[in-house]
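# The following comprises the amino acid sequence and a computationally predicted model.
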Amino acid sequence: MDLNTVTEVRDARQRGEWRPGDAWLAGGTYLFSEPQPHLRRLVDLARMDWPPVAILADGSWEIAATCTIAELSAFAATTGPATSGLVERCCRAFLASVKIWNTATVGGNLCLALPAGPMISLTAALGAVCRLIATDGTRRALPVTDLITGPARTALTEGELLRSVTIPARALSARTAFRRASQHQHGRSSALLVGTLDGRRFSLTVTASTPRPVVLEFAAPPTAEALSTAIDGAVGGNWLDDVHGIPAWRRHLTLRLADEVLAELGAAP
Amino acid sequence: MTVEVNGRSLDGPTRPGQCLRTYLRERGLLGVRKGCDAGDCGACTVHVDGVPVHSCVFPAFRAVGRRVTTIEGLARDGHPHPVQRRFLDAQGFQCGFCTPGFVMTAAGLDTAAGLAGTPPEELRRLFKGNLCRCTGYRAIEDALRGVRHVEHPQAGTAVGRSPGAPAGPGIVTGTARYTLDLDVPGLLHMKLLRSPHAHARVLAIDTHEALRVPGVRLVLTHKDAPPRLYSSALHESVDDDPADTRLLDDVVRHVGQRVAAVVADTVSAAEEGCRRLAVTYEVLPAVTDPEAATAPGAPVVHDKDPVTSRIARPRDNVVAELHAGVGDVDAGLRSADAVYENTFHTRRVQHASLETHGAIGWLDADPATGAERLVIRSSTQAPFLTRRALCALFDLPPDRVRVVTALLGGGFGGKQEMLVEDVVALAVLRSRAPVSLEFTRAEQFTAATTRHPFTVTVTAGARHDGTLTALKLHVVADTGAYGNHGPGVLLHGCGESVALYRCPNKRTDARSVYTHTVPSGAFRGYGLGQVTFAVESALDELARRLRLDPLTLRERNLIRPGDDLVAPGDTEHDLHLGGYGLDQCLRVVRAAGSSPAEPAPPGWLVGDGAAVAMIATIPPRGHLADAALTLLPDGTFALAVGTAEFGNGTTTVHRQIAATALGTTVDRVTVHQSDTALVGHDTGAFGSTGTVVAGAAVLRAARALVDTLLDAAATFHALDRARCRLTDGAVVCAGDRVPLEGLHAAALAAGTSLTATGHSRGTPRSVSFNAHWFRVAVNPDTGEIRILRSVHAADAGTVVNPLQCRGQVEGGVAQALGATRSEEIRLDPTGAVTTTALRGYRIPTFADTPRTEVHFAVTTDDLGPFGAKSMSESPFVPVAPAFANAVRDATGVRFTTLPLTPDRVWSGLRDQGR
């Protein structure tokens, strides 16, 4: 929809002051989908020409904030099966159309911080770290799990830019398991779980059923009972309650899917 | 700094916050549609550098220097794109509003082989970002796969065959024109300021700052509004609805009610003007729950005079009520061997037509008299009633107001309501400039109308053999803040739902209650969906208590030919069994249960369920239609009808009826419609009347024109009238043949035109029947429900156009499945709607919608044109109870509240220890 209070677009390549009423514009698929009467200026990231995904010297993936879902999906398809399957399943977990993939970005999904944001699920599960640049140029690194602080809430300071998110090489070689539940086929996720097994180290990341990602790490795969207990302990009864499912159902699904993840990756006997 | 669109460079700057959709539409590319304006529905799909995107969430400035293709630019060298041709061949559309988006998406995916071989699951995933509210997606899937359905019947044989919709070529090429697809020079734009309070008095509105916004021309408040009270509902009889609504009121009664209107040169300025209005409210106590609203001491929603307002009991918040019975229901219950009682709930759902409400108004001069005339082009299902309402509101004679409806992008009852025309008319009369108002998708949810939520307690008793002894209803409907359609929906809901059964003792106690919430209104089924859910669920359960097959219990009690149709309190006596195909419908659903269905996944619970429904073919108390048919100089015919086309297919049907009666082919009949300047009167396109009322008028006009043509041939060419007959293109008489072109010329020379009219009064009325059957599988661990098979049987009398009628059934089933499985408007404790976008209000997608097998009873009706009955609301009605009955059969749990979302189903199973 038209954002009629926006009177200016600034190319992000040109230096400029951050002002109240500014917003970073990546794909625009969220910004243009709701009224934004507080906005006056869009700071356009489209011409930054950041490579969508850069493979770093140590094998890590640095995914630019402006990398589109379509670009990520295409890139992952060229990589080994360990990660390409997980990336594609996370891409397909979007409620949004495959056409939206052509413009929506990884960074946009992270900054929107919706509980069901599948790029959050992906990057949180793989221990990814965000590169952030504040308006005064200060740079910091922040794990995805710390970036997302609640539904549509992040640790970003006013005007702070998400430049990229880096998935460490080691996580890319881990075995993974993916489980998702939704009220509807191709609907918004009501629970989205990703498990990883790196050697004996097991991790489980719970998203969509909780207000923010919950990551549980174990030196070795736990028993199913221990995993359930750990999930309940970490969530502390704070299951998400919205139109995509009641809390009790989301808890039930989360525990059930966690069992399946554990079974797939090899539970403790 | 140009954008290349369809091979042409477009100049003119993009605005900083503009989306590509409005950039394109402002430059005349009107095939790019606004459906949701939020990236959810896909109606605005275009290609940017060959890649399909949703143009409503694509920043316009990013299209600069790039190549954009819209639906208008898809054809090559004058030849339609293969996808466009496939949508025509399969008739993969109804209202057509979403079609450009589907076509552009498909074209963006298209390979040389088309999508014919794409696996079903992949096809459903690829199209999850394209919503269609009309078709139920089967027709679209057939189009994507290249299935050809459309027929080209021979002269005089069109009724009963499936020619395509006349609007089809325009729909697939994006040239079809909907309400706001019109370029009006000097057009001003309106935005409405809406109430943040559920109940408040407007003490003051300071317009000073708003009027200082550059471009703002006019601010309208309650001080500008006529004092007259009316209803936004449109019915042939004004007395059907309470007069409780003021154009702009100094009391607001729900969050979202309009408080003021700002008219400006641009939408942007109008929005800014609304933000600058300073309103002082005195907040008043509010009640948002219908039970609480009727408790003593509850805040009164409308403190009005019951006689002049036609509100039954204003001080008690009761807009309408019904307390009536036949026989002795208590005695009936005492004589029963089993009694079942339960309370059923249906929630608020929205029509979600892809085209939102909108209107453009302007002043012109009447071409006949030169007098100034107000013209309103609006998204209404009832242009003539809208004109009448505007005339009453502004004290204007009928010839000073013209209301025109273009193609409608879906209606479903939502547009049987005056929600924009009144305020646009006021703005035009005040500004004397053309003014446009277009609802946002959020306004559709917060400030249009919804289906009435119902709470229905059913008490039903029967003997061991299944014979019903008593049927009792206690009904509370929530009409929201205004009583538009409140009485009608209540009475209709309690009508055919119980008249369907022979039972000596029936009792109904029902009321429709005001609350400080978004108003309810007309919705497909008009109350029957809600009450039938309760009755059909209860009868299913009663049969189980008696260890009877639920279909057997129904067969024992359903009305049969010769029976009277009896519903408590029904005072109309013009409803008849004009035809009877209910027995055939039952046979279809019974056969479905004994034939194979898709297997269920291991561990899932499987069950079957059915329900039946009846609906009057025409609303009570008069539904009128005029039609006029004229022979044109080239020997073809112009047909004028008053009723509107909103994807229901009446234009196709009217052409078929006229062509059949005139012995010609459908391409020789051109239909002009839904314009108060065309014919005398038409009640409107609601109540499933397009075929049975307007179609009857068309048939009468056509038969009259045949006589007129034969008379003319006999007179002008000195032929024996008794031996004259009309063939395709000529009157023949023994060896003589008078081509119609010649006949027209002869008549013209004699100073006369060859024209005839037809009229229909919509009485007496008949009934249509529907039955639905599901086999479902329920995952007891997640609450997920899969439909393994879906079968629908319909008694539509003579099926005028089988392809279209099948589409009406499929679309009705799909829409009903939305209300059954996912759709629910949610309110916060203040009564404000929180589900304001399609991403939070789940209407069925392609992936959510099963293919439904559609069977038509072979019957004919005594009353309808060519024996046809109506078939557009009714397929909706039996779906929810059939689904709930199947879930009951699978799980043993009776679900009484819609929608049956997986979390609720899982909860229900857990609560019952299953």
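Sure thing, it's come through.
# contacts, neighbours, all on C-alpha from now
Noted.
# before we move on, which element is the closest residue to B:Leu354 other than its chain neighbours in?
Sequence neighbours aside, B:Gly35 is the residue nearest to B:Leu354 in space, at 4.9 Å (criterion: C-alpha to C-alpha, 6 or more residues apart in numbering or on different chains). According to DSSP states H and E, B:Gly35 maps onto no helix or strand at all.
# Surely B:Gly35 touches B:His54?
No - taking contacts as C-alpha atoms under 8 Å, B:Gly35 lies outside contact range of B:His54: 10.9 Å.
# So for these two, which residues contact both of them?
Residues touching both B:Gly35 and B:His54 (C-alpha atoms under 8 Å, 6 or more residues apart in numbering or on different chains): B:Gly42, B:Ala43, B:Cys44.
# Remind me which helix or strand the second one belongs to.
When elements are defined using DSSP H and E, B:Ala43 is found to belong to no helix and no strand.
# Would you enumerate the residues in contact with it?
By C-alpha under 8 Å, 6+ apart, the contact list for B:Ala43 reads B:32-35, B:54, B:97-102, B:130-131.
# Give the helix, strand or coil label for whatever residue of the stretch 51-200 of chain B ends up closest to chain A.
Taking C-alpha to the nearest C-alpha, chain A has its nearest neighbour within the stretch 51-200 of chain B at B:Gly129, 4.2 Å off. Assigned with DSSP: H, G, I helix; E, B strand; the rest coil, B:Gly129 falls in the coil class.
# and it, how many neighbours?
Look at B:Gly129: counted by other C-alpha atoms under 10 Å in any protein chain shown, it has 27 neighbours.
# From B:Leu109, how far off is it?
Distance, B:Gly129 to B:Leu109, using C-alpha to C-alpha, to the nearest Å: 13 Å.
# Could you tell me which residues of chain A lie near chain B?
When proximity is defined as C-alpha under 8 Å from any C-alpha of the partner chain, chain A approaches chain B at A:1-9, A:27-34, A:41-42, A:96-100, A:102-103, A:183-186, A:243-246, A:249, A:253.
# any low-confidence regions in chain A?
For chain A, the stretches flagged by pLDDT under 70 are A:267-269.
# per-domain residue ranges of it.
With automatic domain parsing as the criterion, the domains of chain A are listed as A:8-44, A:53-170, A:174-266.
# what about the closest residue to A:Leu192 other than its chain neighbours, how many neighbours?
In this structure, A:Leu192 finds its nearest non-sequential neighbour in A:Arg180, 4.4 Å apart by C-alpha to C-alpha, 6+ apart. By the criterion of other C-alpha under 10 Å, A:Arg180 has 19 neighbours.
# The host helix or strand of A:Arg180 - which strands sit beside it in the sheet, and in what orientation?
Element membership for A:Arg180, per DSSP H and E: strand A:175-182. Looking at strand A:175-182 with DSSP bridges, its partner strands are strand A:189-198 (antiparallel).
# what element comes up after the partner strand heading to the C-terminus?
strand A:201-207.
# need the contact list for residue 157.
Assuming you mean chain A. By C-alpha under 8 Å, 6+ apart, A:Thr157 lies in contact with A:Ala134.
# wrong one, I was asking about chain B
Shown in contact with B:Thr157 (C-alpha under 8 Å, 6+ apart): B:Ala659, B:Thr660, B:Gly663, B:Thr665.
# Columns distance to chain A on top of those, output as CSV?
Listed next are the contacts of B:Thr157 as CSV, based on distance: C-alpha to the nearest C-alpha, whole Å:
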residue, distance to chain A
B:Ala659, 43
B:Thr660, 45
B:Gly663, 48
B:Thr665, 42
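# By neighbours, which of those wins?
In terms of neighbours by other C-alpha under 10 Å, these top out with B:Ala659 at 26 neighbours.
# which element is it on?
For B:Ala659, the host element (DSSP H and E) is helix B:650-661.
# how about the residue of the stretch 51-200 of chain A found nearest chain B, secondary structure?
At 4.2 Å from chain B, A:Ser97 is the closest residue in the stretch 51-200 of chain A, using C-alpha to the nearest C-alpha. Recorded secondary structure, A:Ser97: coil (three-state DSSP).
# do you know how far it is from B:His474?
From A:Ser97 to B:His474 the distance is 44 Å (C-alpha to C-alpha).
# Comparing these two, which residue is more hemmed in?
Applying other C-alpha under 10 Å to A:Ser97 and B:His474 shows that A:Ser97 carries more neighbours, namely 22 against 18.
# Report the contact partners of the nearest residue to the more buried one once chain neighbours are set aside.
The shortest distance from A:Ser97 to any non-neighbouring residue, by C-alpha to C-alpha, 6+ apart, is to B:Gly129 (4.2 Å). Contacts for B:Gly129 (C-alpha under 8 Å, 6+ apart) come out as A:Ala96, A:Ser97, A:Val98, A:Lys99, B:Asp40, B:Cys41, B:Gly42.
# How about B:Val202?
For B:Val202, the contacting residues are B:Asp250, B:Val251, B:Val252, B:Val279, B:Thr280, B:Tyr281, B:Glu282, by C-alpha under 8 Å, 6+ apart.
# try B:Ala704
B:Ala756, B:Thr757, B:Gly758.
# so how far is chain A from it?
Distance of B:Ala704 to chain A, given as C-alpha to the nearest C-alpha, to the nearest Å: 51 Å.
# Now do the same for whatever helix or strand that residue lives in: mean pLDDT, whole number.
Using DSSP H and E, B:Ala704 sits in helix B:695-717. Mean pLDDT, helix B:695-717: 97.
# buried sites along it?
For helix B:695-717, the neighbour count (16 or more other C-alpha atoms under 10 Å in any protein chain shown) marks B:695-714, B:716 as buried.
# B:Glu417 and chain A: what is the separation?
Taking C-alpha to the nearest C-alpha as the measure, B:Glu417 falls 26 Å from chain A.
# Same question for B:Pro226.
As for B:Pro226, its distance to chain A is 32 Å (criterion: C-alpha to the nearest C-alpha).
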